[in-house]
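Peer 1: Quick one, structure for this:
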Amino acid sequence: EKKDEKQQENKADDRDKKLVVNKENKPEYVQQMIKNKKRKMYIFICFVILVILILAFSTLFAIFNLNNSDIIKGITIKEIDISGLSTDDAISKLTEVTNNELVPELYLKYGEDYETSINHEQIEFKYEIQEAVKVAYNKGRSGNIVENNYSLIFTALFGKDVPITYTYNEELLNQFVENV
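Peer 2: Residues are numbered from 1 along each chain as shown. Modelled structure (predicted):
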């Protein structure tokens, strides 16, 4: 009987040894659960720290750009760089460039006998420079803090070309065409 008792004790000890892996005397599956919890907690803490850093960066970036009254970096109108200019300076620069682009006289020829010309003033052609500058200035200023920050960053990195519209007097153009 004593042999049987000792054998049973040895078997029980062997079973306990298989379940126990470390000094804490916890089964292996419990240790694995604890390890997984620690890993999940570590990932969660890293995520929270990352969110806090992003929020802090956004807030500081917004405060830094809050008093900036110039057009943001990366903005162009008709592929003319107006980054860092005030709205008045941008209007002056665009007016100068677009006035130089306008053809003083446009010559029209029909066959060999008929030739006439028209200039932009006859049909009251003009670029809507102030409207384009207004759109450019509002880039990065029209949304919430997060939208504005990412708009500023993406515009600085990739640029943004604001289209410029133009107007003309359609009646004057039609009148000119009828007279031709």
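Peer 1: which residues are contacting stretch 110-121?
Peer 2: Contacts to stretch 110-121, defined as CB atoms under 8 Å, 6 or more residues apart in numbering, come from residues Leu102, Val103, Pro104, Glu105, Leu106, Tyr107, Leu108, Lys109, Lys126, Tyr168, Phe176, Val180. All C-beta spots, glycine's among them, are computed from the backbone N, C-alpha and C.
Peer 1: burial of the first one, as a residue count?
Peer 2: Going back to what we said before, that points to Leu102. 13 (other CB atoms under 10 Å).
Peer 1: Then the fifth one?
Peer 2: For Leu106, the tally of surrounding residues (other CB under 10 Å) stands at 13.
Peer 1: ok, now which ones touch it?
Peer 2: Counted by CB under 8 Å, 6+ apart, Leu106 has contacts Ser117, Ile118, Asn119.
Peer 1: So which of those residues is surrounded by the most neighbours?
Peer 2: Ile118 (18 neighbours).
Peer 1: mind checking how far that one is from Thr98?
Peer 2: For Ile118, the distance to Thr98 (CB to CB, to the nearest Å) stands at 18 Å.
Peer 1: Over to Ile49?
Peer 2: The value you get for Ile49 to Thr98, if CB to CB is used, is 51 Å.
Peer 1: Pick out whichever of those two has more residues nearby.
Peer 2: Each of Ile49 and Thr98 has its neighbours counted (other CB under 10 Å); Thr98 has more, 17 against 10.
Peer 1: and that one, what element?
Peer 2: Taking DSSP states H and E as the definition, Thr98 sits inside helix 87-101.
Peer 1: contacts for that helix?
Peer 2: For helix 87-101, the external contacting residues (CB under 8 Å, 6+ apart) are 71, 77-78, 80, 82, 85, 127, 129-130, 132-134, 136-137, 164.
Peer 1: From the residues you listed, list the buried ones, please.
Peer 2: Buried residues within these, counting neighbours by 16 or more other CB atoms under 10 Å: 71, 77-78, 80, 82, 85, 127, 129, 132-133, 136-137, 164.
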